[in-house]
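Enquirer: Here is a sequence with its predicted model. Questions after.
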Amino acid sequence: MDFRELTSRISRKLKGIACKLNGHPSFLNEEDLYQEAMVHLWLDCQGGKLTDKTDSYILQSCYFHLKNYLRKNYDKARLVSLENSADEEGKELNLDNILSLGRPESSFELINAKLLIEKINDNGLSKREKEVFNLALEGMTTREIGERLGVSHVRVVKLKAKIKDKCRKYVE
């Protein structure tokens, strides 16, 4: 069976099926569904599945393919709105929350923490203490810091104690 001949015979009816299935709210329109049905037909025609099949059988095949296609892809669609959207957990977000990275207070806390880190780095720490301080901020363990700097972990613990003493004046 020739694909062009087949599509010329059932194209009008196939567009009607696509229009009928697009009746419910969907992220796809009739043209998308029609093209999906045409791809399904092309693959079946190339696979030899449409030989000796009637037009009604082929149209039913397309109808059920499109129904399954909509069912499978409906769950994957996510509607997004700047005024009202949801995160992965389904909690409602609005534009203010998105722009402020959660709570507005958390943005100020983040800025204050960065300013405090900068102030500590610039005032009163020796070169070695700055290295330990920055590596600790990166999340490295005491032993990892020692290996990176070529000192024992006991020395790193003592440097951390000195850093804590020097930082107390900024925290209080």
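Expert: Sure thing, it's come through.
Enquirer: Outline the domain layout of this protein.
Expert: 3-74, 104-171 (automatic domain parsing).
Enquirer: Return the distance of the shortest one from the chain's centre.
Expert: Yep, that's domain 104-171 we're talking about. 33 Å (Cα atoms, centre = their mean, to the nearest Å).
Enquirer: Tell me where the model's unsure across the chain.
Expert: 1, 23-27, 74-108, 110, 170-172 (pLDDT under 70).
Enquirer: give me that answer again for 90
Expert: 1-3, 6, 18-33, 47-52, 68-140, 160-172 (pLDDT under 90).
Enquirer: Next, the residue of it positioned farthest from its centre: secondary structure please.
Expert: In the chain, Asp52 marks the outermost C-alpha relative to the chain mean, sitting 45.9 Å out by Cα atoms, centre = their mean. With DSSP: H, G, I helix; E, B strand; the rest coil as the basis, Asp52 sits in coil.
Enquirer: those helices in this structure, which residues are they?
Expert: With DSSP state H as the criterion, the chain has helices at 3-21, 30-46, 55-74, 95-99, 104-122, 127-137, 142-149, 153-171.
Enquirer: Tabulate those helices in a markdown table, adding columns for mean neighbour count.
Expert: Where you see a C-beta, it was placed from the backbone N, CA and C, and this is true even at glycine. Listed next are the helices of the chain as a markdown table, based on neighbours: other Cβ atoms under 10 Å:
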| stretch | mean neighbour count |
| --- | --- |
| helix 3-21 | 15 |
| helix 30-46 | 17 |
| helix 55-74 | 15 |
| helix 95-99 | 11 |
| helix 104-122 | 12 |
| helix 127-137 | 16 |
| helix 142-149 | 16 |
| helix 153-171 | 14 |
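Enquirer: May I have the residues that are in contact with the closest residue to Glu131 other than its chain neighbours?
Expert: In this structure, Glu131 finds its nearest non-sequential neighbour in Leu149, 6.1 Å apart by Cβ to Cβ, 6 or more residues apart in numbering. Leu149 makes contacts with Arg128, Glu131, Val132, Leu135, Val156, as judged by Cβ atoms under 8 Å, 6 or more residues apart in numbering.
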